[in-house]
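Chemist: model the following, please.
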Amino acid sequence: MFKRVFLVFLIFSSLTGFASAGIVYQAGLGDGFSAYTEVYSDGENAFLLVTYTPTQWPAHLGPVCEGFWNYTLEEKPFHCYLSPVVWYYFPFYFDGDNLYFVNPFLDDFSSKSSEISSHPLFYRQDSAWTMVFFGQKEPFPSLVWRFDRNCIDYLGVGNYTREQRSPTTKPVEGVLENGTVLFSNGSQTYVIPIEELEPYFDANFMVKHLEGVFLKEGILLYPAVYQGIWNITPGQHDYSRVVLFGKEESETKLLNTSSLKPFPVFFYDGKSLKVFRIFRIVENGKLEVFVEKNFFTHWPKCIYRNVTITMTKTVAITMTKTVTETKEHTKTVTETKREEGICGPAFIVLLSLMILALRGSK
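Modeler: Model (predicted):
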């Protein structure tokens, strides 16, 4: 008995440790980086897709950015353009209370995750979400899941293409006003003191560039601008220092890479502010993605049962529903339930009740 309890404790401990761990990606270094967020919402819950991309200066700086080396590090991003190199996709699901990492290729026990190879798709269809991820080997098939807030069902390979895009929810830009950030969609307004937000950012100017998506119970907020460049000199890249920059030349800040704070997402219900860490850039170009909760292990798999029932009379089953059938007529009932505990005994009890009811009615 003690051995069994101890084994269960070890399994639980390992899973608990995983739940709060971060996954470290060796992201491409490049000359800089940027991140942007898309939201797909049904008005109550939402999927967030954070896309992180290393960026680089054009190979031939002279014709494109004359005087490149004459600009200071803080001036460079406003006079010379950066182009993306590769994209990393980090989807999350917000259920109104918690944020879950959504990656079907995640390995729970090794805390490792394969990269999502292409922009995933999120569609709201028939009171459920359809999620599409693309396989990591040619011909990159579209792998489709269905989620109805109760359980997850893998539907197999679909006919989606990597060029498709699902419609996003249009965000509302925050407005600075009297020491606060104001969000309004015409019918609802949320006002958040700037001093509550600033501790989560490396530079104060980042609060100016917040966007929000209104949900039934509050507003989901995230930085619309998150970009930086590494400290580069002729023939050398110094990844220990980074310049974060915004939309204007006055919006820059030079920092040590080791001191960068995690990229935040907020939820505000008008009373309290929740903060979720998404990822953090660490030295040597590594990207640590935080996995507080795993979407594909938190929700159970859907169970579909085909039950054949043959009856001669109307039988009222107060525990479930009323089923009316005629003699020698067979009806197939398909049920979807959460997979919790052992379902076999419950099915046996249901059949026993039906048999007793039939006997009692004779």
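Chemist: A helix includes residue 187, no?
Modeler: No - the assignment for residue 187, made by DSSP: H, G, I helix; E, B strand; the rest coil, is coil rather than a helix.
Chemist: give me the pLDDT value at it.
Modeler: Residue 187 carries a pLDDT score of 91 in this model.
Chemist: next, the contact list for it, please.
Modeler: Listed by CB atoms under 8 Å, 6 or more residues apart in numbering, residue 187 has no contact partners. Glycine gets a C-beta too; all of them are placed from N, C-alpha and C.
Chemist: repeat that for residue 102.
Modeler: 47, 91, 92, 93, 131, 295, 296.
Chemist: filter these to the buried ones?
Modeler: Buried members of those, scored by 16 or more other CB atoms under 10 Å, are 47, 91, 92, 93, 131, 295, 296.
Chemist: pick the one among those closest to residue 189.
Modeler: residue 47 (24.9 Å; CB to CB).
Chemist: can you name the residues bridging to that closest one?
Modeler: Under DSSP bridges, the beta-bridge partners of residue 47 are residue 40, residue 93.
Chemist: and the residue nearest to residue 282 when sequence neighbours are not counted, how far from residue 257?
Modeler: The shortest distance from residue 282 to any non-neighbouring residue, by CB to CB, 6 or more residues apart in numbering, is to residue 288 (5.6 Å). Counting by CB to CB, to the nearest Å, the separation of residue 288 from residue 257 is 12 Å.
Chemist: quickly list what's touching both of the two.
Modeler: Counting by CB under 8 Å, 6+ apart, the common neighbours of residue 288 and residue 257 are 281, 282.
Chemist: now the strands: where do they sit in the stretch 201-350 of the chain?
Modeler: Counting by DSSP state E, counting those that start in this stretch, the stretch 201-350 of the chain has strands at residues 210-215, 218-223, 226-233, 236-245, 252-256, 264-268, 273-277, 279-281, 286-290, 303-310, 315-316, 322-323, 330-337.
Chemist: residue 137 is nearest to which of those?
Modeler: With CB to CB as the measure, strand 286-290 is the member of the strands of the stretch 201-350 of the chain nearest residue 137 (22.4 Å).
Chemist: distance from that closest one to the middle of the chain?
Modeler: 14 Å (CA atoms, centre = their mean, to the nearest Å).
Chemist: so what are the sheet partners of it and their directions?
Modeler: For strand 286-290, pairing defined by DSSP bridges yields strand 22-26 (antiparallel), strand 279-281 (antiparallel).
Chemist: just put these in CSV and tack on mean neighbour count, mean pLDDT and distance to residue 155.
Modeler: Below are the strands paired with strand 286-290 laid out as CSV (neighbours: other CB atoms under 10 Å; pLDDT from 0 to 100; distance: least, CB to CB, whole Å):
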stretch, mean neighbour count, mean pLDDT, distance to residue 155
strand 22-26, 15, 77, 26
strand 279-281, 20, 91, 29
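Chemist: can you list these in JSON lines and add distance to residue 127?
Modeler: Written out in JSON lines, the entries for these read as follows (distance: least, CB to CB, whole Å):
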{"stretch": "strand 22-26", "distance to residue 127": "32"}
{"stretch": "strand 279-281", "distance to residue 127": "32"}
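Chemist: those strands: which one's closest to residue 74?
Modeler: strand 279-281 (18.3 Å).
Chemist: touching the closest one from outside, list them.
Modeler: Outside strand 279-281, the residues that touch it by CB under 8 Å, 6+ apart are 22, 33, 35, 50, 52, 90, 242, 257, 260-263, 287-290.
Chemist: try stretch 50-69
Modeler: With contact meaning CB under 8 Å, 6+ apart, stretch 50-69 is reached by 27-38, 76, 79-92, 119, 227, 229, 234, 263, 278-279, 285, 287.
Chemist: try it again with 6 Å
Modeler: With CB atoms under 6 Å, 6 or more residues apart in numbering as the contact definition, stretch 50-69 has outside contacts at 28, 30-37, 80, 82, 84-85, 87-90, 278.
Chemist: which of those are buried, as a PyMOL select command?
Modeler: Listed next is the PyMOL selection for buried residues among the contacts of stretch 50-69, using 16+ other CB under 10 Å:
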select buried, resi 28+30+31+32+33+34+35+36+37+80+82+85+88+89+90+278
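Chemist: and stretch 257-268, how far out from the chain middle?
Modeler: The answer for stretch 257-268 is 16 Å, by CA atoms, centre = their mean.
Chemist: for that stretch, measure first residue to last.
Modeler: 29 Å (CA to CA, to the nearest Å).
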